[in-house]
Every structure is written in C-alpha cells, then in structure tokens.
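**Q** kindly generate the corresponding structure for this input.
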Amino acid sequence: MLNRKFIVLEAEDGRQAIDIACTQKPDLILMDIKMPKMDGYTSCYAIKKEPTTRSIPVLMLTAIDQRLNVKFSQQIGADGYITKPFTSRALLDNIAQFL
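**A** Now for the predicted structure:
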C-alpha cells in the first residue's frame, strides 16, 4: 500500500533497520516492536541515540495495546505508536503528522 505514495525500504530485522537508518537516512521509520535478532524497542533506542539518525521520526507499530508499552516507547524516543490492526487511513494519517 505504501509503495504507491512513498519509496519504501524494508528491513528483515532490528539490526538491519539500524543499518538502513544509518546509510539511507529515511524520512520516517515504521517499526514493529516484535522483530527477529533485535526487537523494535532496542532498535529504536539505538537509532535515537545516534546523532546522525536521532532526528528521523520513528513510528512504532504493534499488536500490543497497553499504556505501559506506549509510555516505554516514548521514553526510548519513539515519536508515535499505532496499534494493530489499523486501517490504511489511520496509518496514512499518522505518517502525515511526520512528513
């Protein structure tokens, strides 16, 4: 769905997400919390502590809808949090806030 409006880069795991963020400098990162090799929390924290990538907005996507997770995401630097399932419109509206 996003390929129609945006150039989409995909990472297979959290470590690859960090590598792509550092080398490609995307305008926005959509990151799942549950990923192989390195979870989204750890990846988001690493991206946000790095001076060259800290300004990239990170929007967490997850099936976990708990206030504690939202608060923790904010503490590690995430700029937004969307709970699955979500509509295409909800995703695009959230993306629009950062682009």
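
**Q** use CA for all of it now, contacts and neighbours both
**A** Noted.

**Q** which neighbouring elements make contact with the lowest-mean-pLDDT helix or strand in the chain?
**A** When the helices and strands of the chain are compared on mean pLDDT, DSSP states H and E, helix 67-75 comes out lowest with a mean of 76. Counting contacts by 3 or more C-alpha pairs under 8 Å, 6 or more residues apart in numbering; DSSP states H and E, helix 67-75 packs against strand 80-83.

**Q** and C44, helix, strand or coil?
**A** helix (DSSP: H, G, I helix; E, B strand; the rest coil).

**Q** can you check what pLDDT the model gives it?
**A** The model reports C44 with a pLDDT of 95.

**Q** right, and it touches G77 too?
**A** Yes - contact criterion C-alpha atoms under 8 Å: C44 and G77 qualify, at 6.9 Å.

**Q** overlap of the contact sets of those two?
**A** In terms of C-alpha atoms under 8 Å, 6 or more residues apart in numbering, C44 and G77 are both contacted by the residues V58.

**Q** look at L59 and give its secondary structure.
**A** Classified using three-state DSSP, L59 is strand.

**Q** what segments of this protein are strands?
**A** 29-32, 58-62, 80-83 (DSSP state E).

**Q** more crowded one of C44 and G77?
**A** C44 (28 against 20; other C-alpha atoms under 10 Å).

**Q** check contacts around that one.
**A** 31, 58, 76-78.

**Q** so it versus I56, what's the distance?
**A** 10 Å (C-alpha to C-alpha, to the nearest Å).

**Q** could you dump the strands of the chain into TSV and include distance to K48 and mean neighbour count?
**A** Putting these into TSV (distance: least, C-alpha to C-alpha, whole Å; neighbours: other C-alpha atoms under 10 Å) gives the following:
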stretch	distance to K48	mean neighbour count
strand 29-32	11	22
strand 58-62	9	21
strand 80-83	13	18
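
**Q** and those strands as CSV, adding distance to E50?
**A** Converted to CSV, those look like this (distance: least, C-alpha to C-alpha, whole Å):
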stretch, distance to E50
strand 29-32, 14
strand 58-62, 13
strand 80-83, 19
